[in-house]
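K.L.:
quick one, fold the following:
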Amino acid sequence: MLGQDPNSGDLDVLEGSREDKDVSVEAVAEMQTSITELLDETEGTVATATREAVPAAGGLAIGAPTAIVPTIVRRAVSGRYIGTIGTTTLELRVDVDGRRPLRRVSGDFFRTTGATTTYVGSFVMDTPTIAVSTTLVTIQGRLRTTYATSFPVLRVRIPRVGIWMPQGAADAQFMSLSGQPGALYRCTYRSPYFRSVDLEQDCLQGVTPFPAYNTGSLPSGGPARTLSVPKAYAEAGIEMRVAGIPNVIPTGAAGADSKWDNNELHAAMVKHFSLWKDVPQWKVWLFHTRKHVFGPGLLGIMFDQMGRQRQGCAVFYDAIAGNTADKLRNQLYTCVHELGHCFNLYHSFHKKFMTPPLANRLDALSWMNYPQRYPNGGTPGFWSAFPFQFDDLEVVHLRHAFRNNIIIGGNPFGTGAALETGASSETIVADESGLKLELRARPVFALGEPVTVEVKLCTTDGRGKRVNSFLHPREGFVRIAIRKPGGQVVPFEPLIDHCVADDTLQLDTGTPAIYAGVYVGYGKGGFTFDQSGSYQLQATYFALDGSIVQSDVLRLRVRSPLTATDEAVADLLMGEDVGTILALKGSEAPELAAGNAALEKLIDAYGKHPLAEYARFVKGLCLVREFKTIGDDGVIAVRKPQVEEGAALLGSVVQAAAQGRAFDNVTLSETMLQLAACQKQAGAEDLASNTIGTMLQIFKDKQVPQPVMSKLEVEALEIAGIDPGALKQKTRRS
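P.N.:
Predicted coordinates:
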């Protein structure tokens, strides 16, 4: 149903977004190509109005008599119903009229034994036949189910009642394909909402959480109304109840920068999310704070992608705080967008990776799109047309997705939404984008060695090209597909996805290329390079104008261990906790203690092995920056940067990289720039200057092109705050 033949002429109605308004069940039924009589008891054909005419007792005539005809306004039948037979309970969702009906019926089964209730399975009716009379709505269709059944057909009958009467019960009759009846559930009406979710919001001390925004304050594509986060979800049919204990997380011990990384956010969630349990549940945490270690370009993140995923997200107010209309609009958008990820919603421009796959929807006017990626006028064009709603595909997911694919803490992010194939299912036959994408790496890696690739984007257009500055797959503009030795093609899926603000630059003669170092060895699917053999990698860049730019295929080989020591080192590096630490570039999170113990053993027992440099790398990077944890008393404790210890570990890494033994140029430059910044912050300006001078000398010896060298110098000065004269003097001495 969702995959379409462009020649068929029978395009799915979901290609557009429906106007968000009340629609009668008669109008929804008339959307069908044909209406079949389901039962003799249904009586009559589809009505054409929402009100039933009733003969008047009298009339007023002027000339020809004209009767005053009162009407009966009938209740919508859509909503959530509950029915039980014995120990089995059905939660039924009917979506055939009312606000933005999408012609679906879905449900979940639960079984109660003693004091425990278990989830049994889910079903969805995608293409129902709907028949309507003045007294009855009948809905029937074939089901998709998560469980085996001999009764894959469902007929739902709901009486129509006046607006002043309580909603009638829904009879849900399951049947075989031949019409043999199965279970019949009588389901009482519970709510006009399809799902209910508890939202707990905490904030950092000094941060004012988003209250509400009037969508008529600035030009938009929808009606003016005041939207809070719960009201935005209510328009999609989701009841979001403010719940839990709202906490103000203190900043006194958080350090001067108050920056958070994803491990620290997860620790804060576990400590302060009063409704949190390590189980799937309809409860979600939204944390309002200031800034992420990634920088001001990150407005928000669904950080919880370890263990029971999608339970928490954060919004960073450094760039969007304030009470002006544009600031409040950004706060609303970011909060709704990040919570959408908690419900397992992908970005509009990543729909290709859903199951089933769809074309990327760059022009979607949805909470899940990026304004800066909107092809019809960019950010201004998006806001002027945005109606402040999810698109139809997303509303179908929110209302009718199988329970484990959407419930908070259910399937991992992407499972039930991601397509496990290559980065692009299309073959590019012509490329006039004016851009070139390159993927580079060493040709041979040892088994267990962290594989890092260098992504380079340059322009082939002499006039220059405007591009997004983000090249790491975590930001969503680049995808990397990997063909494993057995032929399986998998996408590299970063452990954490980042939702970033607009940050573009012009590629031209002054800045001919941009680069990113990407550790592709460990992601959501675990270790990628987990066996010896030949691998093929190809990257895809999604340009601002919608162009798809592909790199050539990069081939590399993972060799088998040569000695017993090689095997022991590989075993230490291929633990799940170590993979997470490598992906995070260091962490002291308590739940990753086993990984840090393995890295310490690697340094202590096999310190002279070439792969020990990777252990020193992540341990050193972690030490030179501060790390926050939350104690049992709720206070954020900060482990100050241990610059001297970290620099000692990184010194060995720098020496190995200078000799071309391990790290790529991008990773090396990022490491040394961070080290210099930490040294400067600790008051060791001479050490910082020496680090920068060493870095520039290494790249000069490697004959790195001058534009890249110039950019590194500028970054060095900006990050470390080093006097240019001192830097040049130190570089000459190096």
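
K.L.:
quick one, what contacts the residue lying closest to residue 273 once chain neighbours are set aside?
P.N.:
Residue nearest to residue 273 in three dimensions, not counting chain neighbours: residue 285, with 4.2 Å by CB to CB, 6 or more residues apart in numbering. (Glycine included, C-beta is placed from N, CA and C.) Residue 285 is in contact with 200-202, 269, 272-273, 275-276, 311-313, counting by CB atoms under 8 Å, 6 or more residues apart in numbering.

K.L.:
parallel or antiparallel, list what pairs with the host helix or strand of residue 285.
P.N.:
Assigned by DSSP states H and E, residue 285 falls within strand 283-289. Within its sheet, strand 283-289 is paired with strand 195-204 (parallel), strand 312-316 (parallel), according to DSSP bridges.

K.L.:
can I get the contacts of residue 285 in a markdown table with distance to residue 402?
P.N.:
Shown next, in a markdown table, are the contacts of residue 285 (distance: CB to CB, whole Å):
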| residue | distance to residue 402 |
| --- | --- |
| 200 | 25 |
| 201 | 28 |
| 202 | 30 |
| 269 | 25 |
| 272 | 30 |
| 273 | 25 |
| 275 | 23 |
| 276 | 23 |
| 311 | 18 |
| 312 | 22 |
| 313 | 22 |
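
K.L.:
secondary structure element for the nearest residue to residue 163 once chain neighbours are set aside?
P.N.:
Once flanking residues are discounted, residue 163 sits nearest to residue 73: 4.5 Å by CB to CB, 6+ apart. Assigned by DSSP H and E, residue 73 belongs to strand 71-73.

K.L.:
that strand - what's its average pLDDT?
P.N.:
The average pLDDT within strand 71-73 is 69.

K.L.:
next SSE after it?
P.N.:
With elements assigned by DSSP H and E, the helix or strand that comes after strand 71-73 is strand 79-85.

K.L.:
from the chain's centroid, how far away is that next one?
P.N.:
Here strand 79-85 is found 31 Å from its chain centre; the criterion is CA atoms, centre = their mean, to the nearest Å.

K.L.:
give the pairing partners of that strand; include direction for each.
P.N.:
According to DSSP bridges, strand 79-85 has these partners: strand 88-95 (antiparallel), strand 181-191 (antiparallel).

K.L.:
now it: buried residues?
P.N.:
79-83 (16 or more other CB atoms under 10 Å).

K.L.:
can you list those in a markdown table and add pLDDT and distance to residue 376?
P.N.:
Formatted as a markdown table, those follow (pLDDT from 0 to 100; distance: CB to CB, whole Å):
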| residue | pLDDT | distance to residue 376 |
| --- | --- | --- |
| 79 | 96 | 36 |
| 80 | 97 | 37 |
| 81 | 98 | 41 |
| 82 | 97 | 44 |
| 83 | 95 | 46 |
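
K.L.:
pLDDT at residue 576, what is it?
P.N.:
91.

K.L.:
correction: the previous question concerned residue 657.
P.N.:
Value for residue 657, per-residue pLDDT: 69.

K.L.:
kindly report the same for the one 5 residues further on.
P.N.:
At residue 662, the pLDDT value in this model is 61.

K.L.:
the one 10 residues further on now?
P.N.:
At residue 672 the predicted local confidence, pLDDT, stands at 77.

K.L.:
nearest spatial neighbour of it, skipping sequence neighbours?
P.N.:
residue 695 (4.1 Å).

K.L.:
which strand or helix spans that neighbour?
P.N.:
Using DSSP H and E, residue 695 falls in helix 685-701.

K.L.:
list the buried residues in that helix.
P.N.:
685, 687-699.

K.L.:
try stretch 439-452
P.N.:
For stretch 439-452, using 16+ other CB under 10 Å, the buried residues are 439, 441-442, 445-452.

K.L.:
got the end-to-end distance for stretch 131-139?
P.N.:
By CA to CA, to the nearest Å, the extent of stretch 131-139 from end to end equals 7 Å.

K.L.:
give the buried residues for that stretch.
P.N.:
In stretch 131-139, counting by 16+ other CB under 10 Å, buried: 131-132, 136-139.

K.L.:
can you flag which of those residues belong to strands?
P.N.:
131-132, 136-139 (DSSP state E).

K.L.:
circling back: I'd like the buried residues of strand 79-85 as JSON lines, with distance to residue 154 appended.
P.N.:
Listed next are those as JSON lines, based on distance: CB to CB, whole Å:
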{"residue": "79", "distance to residue 154": "17"}
{"residue": "80", "distance to residue 154": "16"}
{"residue": "81", "distance to residue 154": "13"}
{"residue": "82", "distance to residue 154": "16"}
{"residue": "83", "distance to residue 154": "12"}
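
K.L.:
before we move on, back to that, and the next element down the chain from the strand holding residue 285?
P.N.:
Strand 283-289 is succeeded, C-terminally, by strand 291-292 (DSSP H and E).

K.L.:
now do that following strand: which elements does it pack against?
P.N.:
Counting contacts by 3 or more CB pairs under 8 Å, 6 or more residues apart in numbering; DSSP states H and E, strand 291-292 packs against strand 259-260, strand 312-316.

K.L.:
that one pairs with which strands, and in what direction?
P.N.:
Strand pairing (DSSP bridges) places strand 291-292 next to strand 259-260 (parallel).

K.L.:
tell me the helix or strand right after the strand it pairs with.
P.N.:
helix 262-272.

K.L.:
just the residues contacting that next one, thanks.
P.N.:
202, 247, 249, 260, 276, 285, 287, 301, 303-306, 311-312, 314, 496, 584, 587-590, 592, 627-630, 634, 636.

K.L.:
among those residues, name the buried ones.
P.N.:
For the contacts of helix 262-272, buried by 16+ other CB under 10 Å: 202, 247, 249, 260, 276, 285, 287, 301, 303-306, 311-312, 314, 496, 584, 587-589, 592, 627-630, 636.

K.L.:
residue contacts, residue 625?
P.N.:
293, 586, 641, 674, 678 are the contacts of residue 625 under CB under 8 Å, 6+ apart.

K.L.:
quick one on the thing from earlier: to residue 398, which of the helices and strands packed on strand 291-292 lies closest?
P.N.:
Residue 398 lies closest, by CB to CB, to one member of those: strand 312-316, at 15.7 Å.

K.L.:
pLDDT of the closest one, averaged?
P.N.:
pLDDT averaged over strand 312-316 gives 93.

K.L.:
all helices for the stretch 1-150 of the chain, in order.
P.N.:
Under the criterion DSSP state H, counting those that start in this stretch, the stretch 1-150 of the chain carries helices at the ranges 25-29.

K.L.:
please enumerate the strands of it.
P.N.:
Remark: strands assigned in the stretch 1-150 of the chain by DSSP state E, counting those that start in this stretch are 22-23, 51-53, 59-62, 64-67, 71-73, 79-85, 88-95, 98-99, 104-113, 116-125, 129-132, 136-142, 144-145.

K.L.:
and the ones you listed, which one averages the lowest pLDDT?
P.N.:
If you rank these by mean pLDDT, strand 59-62 sits at the bottom with a mean of 34.

K.L.:
which intervals of the stretch 201-350 of the chain have sub-threshold pLDDT?
P.N.:
Applying pLDDT under 70 to the stretch 201-350 of the chain flags the ranges 252-257.

K.L.:
please redo it, this time with the cut-off set to 80
P.N.:
251-258, 263, 295-296, 305-307, 350 (pLDDT under 80).

K.L.:
re the thing from before, mind checking which of the strands of the stretch 1-150 of the chain is nearest residue 621?
P.N.:
Of all those, strand 116-125 comes closest under CB to CB, at 41.8 Å.
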